[in-house]
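**Q** Need a 3D model of the following:
(one chain, ligands or ions: 1)
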Amino acid sequence: MFEDNYRQRGLRNKLVKKLLEKGICDQRVLAAIGKVPRHAFFDDALLGHAYEDKAFPIGEGQTISQPYTVAFQTEKLKIQPGDKLLEIGTGSGYQAAILLEMGAKVYTIEYNRKLYERTRDFLPTLGYEPYFFYGDGSKGIPAKAPYNKIIVTAGAPVIPTALTDQLAEGGILLIPVGDRERQKMLRITKVKNELKKEEFDSFAFVPLLGDQGWK
Ligand code: SAM
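**A** Numbering: from 1, shown residues only. Predicted coordinates:
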């Protein structure tokens, strides 16, 4: 049975402090990290590590992203309550939970069938209810477009044109782009149908697979 006791809340507060020290300053992002019980996303064997600022395996060769990475991407997306958001790479569902805490309406897509099924069944038990999709998110979800925000949580070789096409006017795409080992975090903003590109730090994500990802 899932339990969120004072010890876990204490560890979560420490993690929030660490993220603040590392430069995350959006109070709404920090509040969301302080609220979502990251330990609920961990297997028993790894439970003691849930509030370390590290990525961890979630099975199927995939990972739950490092809290700093989740906070960094969320901050750069400038989430507003009511934003219609597409997440590529549902994984454990932790990032989706943070985005829901911040008031976004979340569509999330996962390419790995087992992870998709597991997270679709698990996340609502914590009270987080995004719209779940199974398939190749490198093509976006055209049927639900346009989106105010798109977040890619896997490393891409290029910026998929399908994703920029599905951005609304004023919309933001946040995507790590590079080689298989390291990627630069890019923020693409669509203004009057032009794409403005900004570059941030480097990260190490698992590869984005699929049509506009790695083969
Ligand atoms: N956002 C996740 C979380 O909060 O746990 C972390 C995601 S993990 C770093 C990257 C995920 O992207 C993996 O679950 C992987 O299966 C998924 N993925 C890779 N290529 C994909 C694609 N083309 N479409 C959708 N998901 C993809």
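**Q** Which elements pack onto the lengthiest helix in the chain?
**A** Assignment by DSSP state H gives helix 6-21 as the longest helix of the chain. Under the contact definition 3 or more Cβ pairs under 8 Å, 6 or more residues apart in numbering; DSSP states H and E, helix 6-21 sits against helix 27-35, helix 67-76. The way it works is simple: take the backbone N, C-alpha and C, and place the C-beta from them, glycine included.
**Q** tell me the mean pLDDT for the helix or strand that the longest one is followed by?
**A** Meaning helix 67-76. Next helix or strand after helix 67-76 toward the C-terminus (DSSP states H and E): strand 84-88. Mean pLDDT, strand 84-88: 98.
**Q** Around Val36, how many other residues sit close by?
**A** Val36: 22 surrounding residues under other Cβ atoms under 10 Å.
**Q** what secondary structure does the spatially most central residue of the chain sit in?
**A** The structure's the chain has its C-alpha centroid closest to Gln95; by Cα atoms, centre = their mean the separation is 3.9 Å. At Gln95 the chain is in helix, as set by DSSP: H, G, I helix; E, B strand; the rest coil.
**Q** what's the pLDDT at it?
**A** 98.
**Q** With the ligand as the reference, measure out to the closest residue to it other than its chain neighbours.
**A** Once flanking residues are discounted, Gln95 sits nearest to Val70: 5.3 Å by Cβ to Cβ, 6 or more residues apart in numbering. Distance of Val70 to the ligand, given as Cβ to the nearest ligand atom, to the nearest Å: 7 Å.
**Q** and if you look at Leu46?
**A** Distance from Leu46 to the ligand, by Cβ to the nearest ligand atom: 13 Å.
**Q** In contact with Leu186, which residues are there?
**A** 159, 173-177, 197-200 (Cβ atoms under 8 Å, 6 or more residues apart in numbering).
**Q** Report all helices and strands that the longest strand along the chain contacts.
**A** As assigned by DSSP state E, the longest strand anywhere in the chain is strand 167-178. Under the contact criterion of 3+ Cβ pairs under 8 Å, 6+ apart, strand 167-178 touches helix 67-76, strand 147-152, helix 161-165, strand 183-191.
**Q** Point out the residues in the protein that sit beside the ligand.
**A** Contact residues, the chain versus the ligand (Cβ under 6 Å from any ligand atom): 62-65, 88-89, 91-92, 94-95, 109-112, 115, 136-138, 153-154, 205-206, 208-210, 213.
**Q** what about stretch 198-212, start to end distance?
**A** Terminal residues of stretch 198-212 lie 21 Å apart, using Cα to Cα, to the nearest Å.
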